[in-house]
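>>> how would this look folded up:
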Amino acid sequence: MWNPNTEFVDVLEKDKVAFSVIETGKSEAIIEALLDKYASGTKSDRRIFEELTDCSAFPYVRAYDFLFDFPSNGEVYVFYDFRYGRDLFAVNSFADVIKTWMKCSMNSIYIADINFDYLVSVTEEGSILGCGAASDWIEQFYASGNLP
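Model (predicted):
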């Protein structure tokens, strides 16, 4: 059965991007910790980005194009809204996630560094929301005047 998680894995494998699927018990704990930090603790199947708190938004169509400038080093966690399951992936780079996601059907995706310094949501509408360090980056990006 199709869902964004299986499509994401198919594209990662096709493009030979290094990734791993985090085991269920560990993935639940990681996602819960991220949501406790950056959201209103939602456990529902709703769109998680609607529950994010203390974040900045970049509401432009195709705002995700600007994410290639996002300063992120190292491995990241990736997951989709819970209505598609609770799979959690570890991918070697933020840029690899964005490149992969852009080849998939547009569904909201969530990306966090392994230290939980930020959480980025790229919505199915093409906007981005950033929490933690990502919120600061979005605010600085706005202030720079580099918008289209």
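
>>> next up, phi/psi of the closest residue to Y80 other than its chain neighbours, please.
Excluding its sequence neighbours, the residue lying closest to Y80 (CB to CB, 6 or more residues apart in numbering) is P4, at 4.7 Å. Just so you know, the C-beta spots here come from the backbone N, C-alpha and C atoms, and that holds for glycine as well. With angles defined as degrees, to the nearest 10, P4 sits at phi -60, psi -30.

>>> hang on, isn't P4 packed against C104?
Yes - assessed by CB atoms under 8 Å, P4 is found in contact with C104 at 6.5 Å.

>>> looking only at neighbour counts, state which of these two leads.
Neighbours per residue (other CB atoms under 10 Å) separate P4 from C104, with P4 holding more: 22 against 15.

>>> let me know how buried E13 is, in neighbour terms.
E13, neighbours per other CB under 10 Å, totals 10.

>>> for it, give its distance to K26.
Per CB to CB, to the nearest Å, E13 is found 22 Å from K26.

>>> just A63 next, same as before
Separation of A63 from K26 (CB to CB) stands at 31 Å.

>>> also G85?
15 Å.

>>> the more surrounded of these two?
Between G85 and K26, G85 has the larger neighbour count (other CB under 10 Å), namely 14 against 10.

>>> my read: the more buried one touches E7, true?
No - between G85 and E7 there is no contact under CB under 8 Å: 11.9 Å.

>>> just confirm G130 is within a strand.
Yes - G130: assigned to a strand according to DSSP: H, G, I helix; E, B strand; the rest coil.

>>> is it in contact with W137, as I believe?
Yes - in this structure G130 lies within contact range of W137 using CB under 8 Å: 6.2 Å.

>>> follow-up on the earlier one: where does the residue nearest to Y80 land on pLDDT?
At P4, the predicted lDDT confidence score is 84.

>>> could I get the full set of helices for this structure?
In the chain, the segments counted as helices under DSSP state H are 4-14, 24-38, 94-102, 133-144.

>>> just these: most buried one?
helix 94-102 (a mean of 20; mean count of other CB atoms under 10 Å).

>>> residues contacting that helix, please?
Contact with helix 94-102 is made by 8, 11-12, 15, 17, 64, 67-68, 70, 72, 76, 78, 91, 109, 111, 113, 122, as judged by CB atoms under 8 Å, 6 or more residues apart in numbering.

>>> thank you kindly, that will do.
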